[in-house]
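Enquirer: Based on what follows, work out the 3D shape:
(2 chains)
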Protein chains: 2
Amino acid sequence: MTHTVLQRKLLPTLDFLLHEWLDVPRLLERERFAEHTRESCDEVLRAASQIAADYFEPANRTSDEQPPVMRDGGVKLPKESHAAWGAYNGFGFLGASHDEAYGGMQLPKTVDMATRVIFAASGPHLGPTLLTDANASLILEHGSEEQKRVFALPQLTGRWAGTMCLSESHAGSSLSDISTKAVPDGPDFGSDPLGPRYRITGNKMWISAAEHDLTENIVHLVLAKVPDADGVVDPSTRGISLFIMPKFLPASDGSLGERNDISLISLNHKLGQTGVPNTALALGDGTYQPRGARGAVGHLVGEVGDGLRQMFHMMNAARTEIGLSAAAIGLAGYAVSLDYARHRRQGRHAGPRGKDASQPQVPIIEHADVKRMLLAQKAYAEGGVALALQAARLLDEQQTGSPEQAKDALLLLEILTPVVKSWPSEWCLEGNSLAIQVLGGAGYTKDYPVELYWRDQRINMIHEGTHGIHGLDLLGRKVRMAGGAGLDLLGSRVETTADTARARGLDDLANQLLQAWRLVVQTTKQAWSTGDPADALANATPYLQGFGHVVLAWVHLDLAAAALVSSHPESAGRLAAARYFFSYELPRAKAWLDLAASRESLCRDLPLDAF
Amino acid sequence: MTHTVLQRKLLPTLDFLLHEWLDVPRLLERERFAEHTRESCDEVLRAASQIAADYFEPANRTSDEQPPVMRDGGVKLPKESHAAWGAYNGFGFLGASHDEAYGGMQLPKTVDMATRVIFAASGPHLGPTLLTDANASLILEHGSEEQKRVFALPQLTGRWAGTMCLSESHAGSSLSDISTKAVPDGPDFGSDPLGPRYRITGNKMWISAAEHDLTENIVHLVLAKVPDADGVVDPSTRGISLFIMPKFLPASDGSLGERNDISLISLNHKLGQTGVPNTALALGDGTYQPRGARGAVGHLVGEVGDGLRQMFHMMNAARTEIGLSAAAIGLAGYAVSLDYARHRRQGRHAGPRGKDASQPQVPIIEHADVKRMLLAQKAYAEGGVALALQAARLLDEQQTGSPEQAKDALLLLEILTPVVKSWPSEWCLEGNSLAIQVLGGAGYTKDYPVELYWRDQRINMIHEGTHGIHGLDLLGRKVRMAGGAGLDLLGSRVETTADTARARGLDDLANQLLQAWRLVVQTTKQAWSTGDPADALANATPYLQGFGHVVLAWVHLDLAAAALVSSHPESAGRLAAARYFFSYELPRAKAWLDLAASRESLCRDLPLDAF
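Expert: Numbering: from 1, shown residues only, chains lettered A, B, ... in the order given. This is a model prediction of the structure:
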């Protein structure tokens, strides 16, 4: 067993979360997971850790130093990325949570996502799943049987990979504005066994993991609009349809057929995560002429006009995974800076007569402010990982729980997703900055990975919906959906945690949490008290920040309550992180929430010439 | 006149600060500045802006793409850096504030520092002054007449450059631990006309702007310890002396003589600011043998054991300049993201029946959350620049004011320096992150400079004393010095501002400021109420953060009060920034200050195995 600094931190952290907190052992009693035991799950995690140490950790810097290059119309990745991808799929991690009938391991999502924490922390640059699992999952959910067989299953083994093609240069956050068009491909278009066949033309922007050379084929899931008989498209999101558009058209025997008309326009030169190529693509520009005609060939998924709803399946999965990845990168920075702080000697404690320079210097971890920076990272990263794994646990609940449990799980997932995606993106970025700070000047050099983690992390507040978008989603939709049912349900979970915490002697924290939750509920009402979205949503981002901090206080208190009845070696740290969070972090929430509650109109109303 | 996006923002911002706020016209009435008029100062700023646009802006990315390389034992910088250095010094900017007798322009420091805002914003990578002005200033303050003539004056024209050599690999923040030694150079060592001559041996780390090829010579100011007759050194900082150690020993006619024994060990590979090489140096390792003997030749400045006190002169200047540079980089990010937000169209306003997708998209600056991100940047960057220029104004006051004014100015500078250095470093980093956020995915690419600003900015919380060090300096020393005289004086300035603001109708903000200031005073007392530094200083960094936010509220209110009686086009923006700061930022201060007031002991007392 390789024991890198990082892996030594990851495994015990995950072990506590899965077994002492999320009660995976009980989950394993359900029929779907009959083939698994606690031991077999632990074995999977240890294997992930070994592969991550052997392939992902070393490849992460390589892939920063050797960013992808365009070659022969495709994207060439370094050999270390190929090796990591091979090892990852050699074990079958991509299909880990999928049905055995599809060749998967049928592992709980909770355990599957825990392996992703390991890989994302060890090689954030490599984006191991490359959107492939989310792509395959969408097809398995919404595709026809033939689409599943032909397009999803080869992705679960990593033989093929997947992308999502939504944005265009003039339509990033505003998807209603996409201008990629899909028209029926000949009179027999509807009788293709792979689904109604269209010819697609347009340009797509910000497409991650496209055109790389890791796999023999790439399955693009593409949003496009189908013009009506007069050639007119619906300008709203209701005009959006979803198409499967493979790089190589599959022949009927499953082998690769003709090249589809998808060309690489350019590679974006990114600040971080360069190991995952980000591209602009031209669809149907005539570079290739599959089956002798213009337009990229795509197969409709489901019904025309249903594209955005289907795509949300993939977007929600991607959002959860981004939150998880953000937390994992935070954990990586924490592990490296903790190790540095234990070994780097600098300064002395002040005695009664000041500092005695004749004494040896102490490890910097003994300084109160260094402890503060480490504890902050611990609270951000381990809190973020806990939050993301809890979301995975809800996915398991949705799939294998009673109808009531499944309904509640879905409701909680809906309201928590903006937080799962945004909170770790923001606070583990702060944590990664603190990791640099702990290392001081050394942290600003490429001799340590912390500067790279910080760069890798920065995209997470942007892709899959910016902070601003998630704030609007949370305050504009999620807390109000079904008459506030999601907010109520979350509130009841908060109360349950507070009750448990009180019963275990954490009255002070329980009271603080309940008070903070009441502030959230009250703020939500006040923000909407005029009924005008422009009033309510003018401070949707500060609301998201305040709401997020309260949710994390809940997570930390729940973890601390679990730690109090556990003899796990991680327990002391869980209590410390909770205490830190309640003393140093939760008091910040009020300043953000007050802005939403007072419907502060300064920003909204500011004339543009005042900037 | 070149009008880049950046320069169009810089000049009006500085114009308001200098003329409507810091009252430079009245400063110019003082005898020292008799040669200058408002017009001539404006001319200097316009010239700076022109040179910055022509040389600094284009060279900034070049110097990121072509980081310095080691060649022939030195550091080679790209030709664009040479051109920028030449243009900068061709105008005489390095000597701008120095006495005419020394060949300077005798400009007010306030105006001189305003030019540095322009250069630091336009080419943060180029670090135009390269510590040279601060080095020369220290020699002019503490050196002998001959040391001034030989070592300082060539730096004021940019013919030579300067460094500061403090850190060693085991002694970064802890200067008492330096092990570089200086021994008298022969029996006649005391009679050298350039000052007592020593031979110096040791290694120095994190030395910025060393061994580059911009200038024919480089003057190192080096901290070293002089052993006593028994070969023993004082382990405390009292054992530290200061030496002038030129790369080439000057011959008596001022020409360059022998190579001193300073060798480049390595270049650090940095996350940003690569244009300023950062090096490790070996002193006296025998690579060169100046005058046929071992050890690098250095000349003592002042007295043995007085090194750290003298070096503080340079460190304080460098700290102010770092704060100024941090604010300037924040301003650059603001200017670029503001321009982007005015032109990039995305999304629509919601009407009574939601969004009408058939309408054209709006510039993103019209979205409330984008305005929030721009206003935050404006408040951080323009507030930071105002703070730094105010410090420069205090330097002018110290030099040209009445004895009473000079005394007060010094006291204010002492207490404000930790904030001037730290606050812009922290919050303009946040601002630079928001600039990326405004640009979305585009901000994460190298197509725009915002990702570079963010990287450049990150070092500012580290060099010249980390945040942690400045927190200790502020709460441990500065607020307590002279029986709290600095805190009292700052309090009286805060009250004056509040009175003025009230008289101009800003009662709400004035009251909020006074309340916040009372909290600072009370917190300071509570933190020290046990008299135990370990209690008081356990939360010195949160104290620094809270204190800093209150100081900035004071600056913003003072600016707003000035704007209310001004017809300057910047006035509306000044009021908006103040309103933003009081609504969105100042309420955060309490959460930080409460930690110091309650002497929260969590971090200090946490056992090391809880991490």
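Enquirer: what sits up against the helix or strand of chain A with the lowest mean pLDDT?
Expert: Of the helices and strands making up chain A, the lowest-confidence element is helix A:57-65, at a mean of 91, by mean pLDDT, DSSP states H and E. Residues outside helix A:57-65 that contact it (C-beta atoms under 8 Å, 6 or more residues apart in numbering or on different chains) are A:4, A:6, A:77-78, A:80-81, A:83-84, A:122-126, A:272, A:274-275, A:449, A:452. Yep, even glycine has a C-beta here, placed from its N, CA and C like the rest.
Enquirer: List, out of those, those positioned next to chain B.
Expert: A:Gly272 (C-beta under 8 Å from any C-beta of the partner chain).
Enquirer: could you point out which element follows the lengthiest strand in chain A?
Expert: Looking across chain A with DSSP state E, the single longest strand is strand A:197-208. Next along the chain after strand A:197-208, taking DSSP states H and E as the criterion, comes strand A:217-225.
Enquirer: tell me the angle that following strand makes with strand A:197-208.
Expert: 110 degrees (axes from the mean of the first three to the mean of the last three C-alpha atoms, to 10 degrees).
Enquirer: Check the gap between A:Arg493 and chain B for me.
Expert: 26 Å (C-beta to the nearest C-beta, to the nearest Å).
Enquirer: Please apply the same query to A:Pro542.
Expert: 7 Å.
Enquirer: Surely that residue is in a helix?
Expert: Yes. A:Pro542: assigned to a helix according to DSSP: H, G, I helix; E, B strand; the rest coil.
Enquirer: hey, where'd the helices end up in the stretch 401-550 of chain A?
Expert: A:403-439, A:450-457, A:467-473, A:481-503, A:507-527, A:533-536, A:540-564 (DSSP state H, counting those that start in this stretch).
Enquirer: repeat for the stretch 151-300 of chain A
Expert: A:153-156.
Enquirer: where does it come near chain B, residue by residue?
Expert: A:167, A:170-174, A:176-177, A:205-206, A:235-237, A:268-272.
Enquirer: Among these, which ones are in strands?
Expert: The members of those that map onto strands under DSSP E are A:Met205, A:Trp206.
Enquirer: out of the residues of the stretch 151-300 of chain A next to chain B, which are buried?
Expert: Neighbour-count burial (16 or more other C-beta atoms under 10 Å in any protein chain shown) applied to these gives A:167, A:171-174, A:176-177, A:205-206, A:236-237, A:268, A:270-272.
Enquirer: Turn the helices of the stretch 401-550 of chain A into TSV, columns for mean pLDDT and mean neighbour count.
Expert: As requested, these are exported to TSV (pLDDT from 0 to 100; neighbours: other C-beta atoms under 10 Å in any protein chain shown):
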stretch	mean pLDDT	mean neighbour count
helix A:403-439	98	23
helix A:450-457	98	28
helix A:467-473	97	25
helix A:481-503	98	17
helix A:507-527	98	18
helix A:533-536	95	18
helix A:540-564	98	25
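Enquirer: Tell me the confidence at the residue of chain A most remote from its centre?
Expert: The outermost residue of chain A relative to its centre, with distances by C-alpha atoms, centre = their mean, is A:Arg353 at 51.4 Å. Looking at A:Arg353, its pLDDT is 76.
Enquirer: for A:Met1, same thing?
Expert: 52.
Enquirer: Over to A:His125?
Expert: Reported pLDDT for A:His125: 81.
Enquirer: Without its sequence neighbours, what residue ends up closest to it?
Expert: In this structure, A:His125 finds its nearest non-sequential neighbour in A:Gly275, 3.5 Å apart by C-beta to C-beta, 6 or more residues apart in numbering or on different chains.
Enquirer: now swap in A:Ala572 and tell me
Expert: Going by C-beta to C-beta, 6+ apart, A:Ala572 has B:Ala610 as its nearest residue, at 4.5 Å.
Enquirer: A:Asn135 too?
Expert: Residue nearest to A:Asn135 in three dimensions, not counting chain neighbours: A:Gly162, with 2.7 Å by C-beta to C-beta, 6+ apart.
Enquirer: for A:Val297, which residues make a bridge with it?
Expert: A:Arg199 (DSSP bridges).
Enquirer: That one and chain B: what is the separation?
Expert: To chain B, A:Val297 is 28 Å away according to C-beta to the nearest C-beta.
Enquirer: got it, and A:Ala101?
Expert: From A:Ala101 to chain B the distance is 38 Å (C-beta to the nearest C-beta).
Enquirer: Surely A:Thr500 and A:Ala561 touch.
Expert: Yes. Using C-beta atoms under 8 Å, A:Thr500 is in contact with A:Ala561, at 4.7 Å.
Enquirer: Common neighbours of those two, please.
Expert: Here A:Thr500 and A:Ala561 have no joint contacts, going by C-beta under 8 Å, 6+ apart.
Enquirer: Only whichever of the contacts of helix A:57-65 are buried, select them in PyMOL.
Expert: This is how PyMOL selects the buried members of those, with burial counted by 16+ other C-beta under 10 Å:
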select buried, chain A and resi 4+6+77+78+80+81+84+122+123+124+125+126+272+274+275+449+452
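Enquirer: Show only the entries of the contacts of helix A:57-65 found in helices.
Expert: A:Leu6, A:Glu80, A:Ser81, A:Ala83, A:Ala84, A:Ser122, A:Leu452 (DSSP state H).
Enquirer: low-scoring pLDDT stretches of chain A, where are they?
Expert: A:1-2 (pLDDT under 70).
Enquirer: Please parse it into its domains.
Expert: A:161-305, A:467-599 (automatic domain parsing).
Enquirer: what's the first-to-last distance across the shortest one?
Expert: Length of domain A:467-599, first residue to last, C-alpha to C-alpha, to the nearest Å: 19 Å.
Enquirer: quick check, distance from that domain to the centre of its chain.
Expert: The gap between where domain A:467-599 is centred and where its chain is centred comes out at 20 Å by C-alpha atoms, centre = their mean, to the nearest Å.
Enquirer: cool, stretch A:362-371 as well?
Expert: 32 Å.
Enquirer: quick check, it touching chain B?
Expert: Yes. Using C-beta under 8 Å from any C-beta, stretch A:362-371 reaches chain B at A:Ile365, A:Glu366, A:His367, A:Ala368, A:Asp369, A:Val370, A:Lys371.
Enquirer: Extract the CA atoms of that stretch and return them as PDB.
Expert: This file holds the C-alpha atoms of stretch A:362-371, laid out as PDB (Å, rounded to 0.1, in the frame of the first residue of the first chain):
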ATOM      1  CA  VAL A 362       9.000  25.300  16.800                       C
ATOM      2  CA  PRO A 363       6.900  23.600  14.100                       C
ATOM      3  CA  ILE A 364       4.600  26.200  12.700                       C
ATOM      4  CA  ILE A 365       1.600  24.100  13.500                       C
ATOM      5  CA  GLU A 366       2.100  25.200  17.100                       C
ATOM      6  CA  HIS A 367       1.200  28.800  16.200                       C
ATOM      7  CA  ALA A 368      -2.400  29.800  16.900                       C
ATOM      8  CA  ASP A 369      -2.900  31.500  13.600                       C
ATOM      9  CA  VAL A 370      -1.500  28.500  11.600                       C
ATOM     10  CA  LYS A 371      -3.900  26.300  13.500                       C
END
